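Peer 1: sequence first, then the predicted structure:
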Amino acid sequence: LAKTTQPISMDSYEGQEVNITCSHNNIATNDYITWYQQFPSQGPRFIIQGYKTKVTNEVASLFIPADRKSSTLSLPRVSLSDTAVYYCLVAPHRGSTLGRLYFGRGTQLTVWP
Amino acid sequence: DGGITQSPKYLFRKEGQNVTLSCEQNLNHDAMYWYRQDPGQGLRLIYYSQIVNDFQKGDIAEGYSVSREKKESFPLTVTSAQKNPTAFYLCASSFATGQGTDTQYFGPGTRLTVL
């Protein structure tokens, strides 16, 4: 599985847009990029997933450049409740990786009033 | 409501005692997982199961045991052989297509403290 690198922590203020970038230089052709969010003392939850260009849902947007060696999770107009750890994962769409998702340390996002 | 539950939320045990953590899901998922999380760290895979009566070791299986007698249940036993069992334990489930794009659904976690 491709390893990922993301900032350990980020700070923002309420109402701002937050962009968290994840580096995955060794991403393979079949790999998808997935982001999870974890609040304190809770399990992670799926936010968004993509393969290339841009994906948007009601929570976030995911931007993936043409070379796919990085990706950016964009959270519009954050609020205090967006304070959480955000994990970037890379795994192939085909082929068995069951049980082999790699949750690194993630990025601790702290939103201030 | 469909979901995944873990019990208890907090658990205290004396050193040397075995303890079993419960995990139940009604999402009709074939695959289930156990992770361990230490403060400020990511998740580390302990065991996973793709189908009833079958399970595989993850990265840190030593000192742990599991069973998968029912599709809905995947209990984890922390044995006295686990040298540092105090941690936050997370159970998850997913469809077992074997694809990396399978979304994992997590329970609320059990915080185990060994005194």
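Peer 2: Cool, got the structure.

Peer 1: residue closest to the middle of chain B?
Peer 2: B:Trp34 (2.6 Å; Cα atoms, centre = their mean).

Peer 1: so after the helix or strand harbouring A:Ser12, what's the next helix or strand?
Peer 2: Taking DSSP states H and E as the criterion, A:Ser12 maps to strand A:9-13. Downstream of strand A:9-13, the first helix or strand assigned by DSSP H and E is strand A:18-23.

Peer 1: quick check: closest non-adjacent residue to the residue nearest to the centre of chain B.
Peer 2: Excluding its sequence neighbours, the residue lying closest to B:Trp34 (Cβ to Cβ, 6 or more residues apart in numbering or on different chains) is B:Ile46, at 4.3 Å. The C-beta positions use only the backbone N, C-alpha and C, and glycine is treated the same way.

Peer 1: over to B:Ser80?
Peer 2: In space, B:Ser80 comes closest to B:Gly16 once its chain neighbours are excluded; the distance is 4.9 Å by Cβ to Cβ, 6+ apart.

Peer 1: do the same with A:Ser81
Peer 2: A:Val111 (8.0 Å).

Peer 1: residues making contact with stretch B:4-22?
Peer 2: In this structure, residues lying in contact with stretch B:4-22 by Cβ atoms under 8 Å, 6 or more residues apart in numbering or on different chains are B:23-27, B:34, B:73, B:75-80, B:85, B:89-93, B:105-115.

Peer 1: Throw together a ChimeraX command that grabs the buried residues out of those.
Peer 2: Selection command for ChimeraX covering only the buried members of those, criterion 16 or more other Cβ atoms under 10 Å in any protein chain shown:
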select /B:23,24,25,34,75,76,78,85,89,90,91,92,93,105,106,107,109,110,112,114
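
Peer 1: show me the contacts of stretch B:4-22 that map onto helices.
Peer 2: Among the contacts of stretch B:4-22, no member is found in helices (DSSP state H).

Peer 1: show me where pLDDT drops low in chain A?
Peer 2: Chain A contains residues with pLDDT under 70 at A:1, A:94-99.

Peer 1: show me what contacts residue 64?
Peer 2: You didn't pick a chain, so chain A it is. A:Ile64 neighbours (Cβ under 8 Å, 6+ apart): A:33, A:50-55, A:70-72.

Peer 1: was after chain B, sorry
Peer 2: Counting by Cβ under 8 Å, 6+ apart, B:Tyr64 makes contact with B:34, B:46-47, B:76-79, B:82.

Peer 1: alright, that wraps it up for me.
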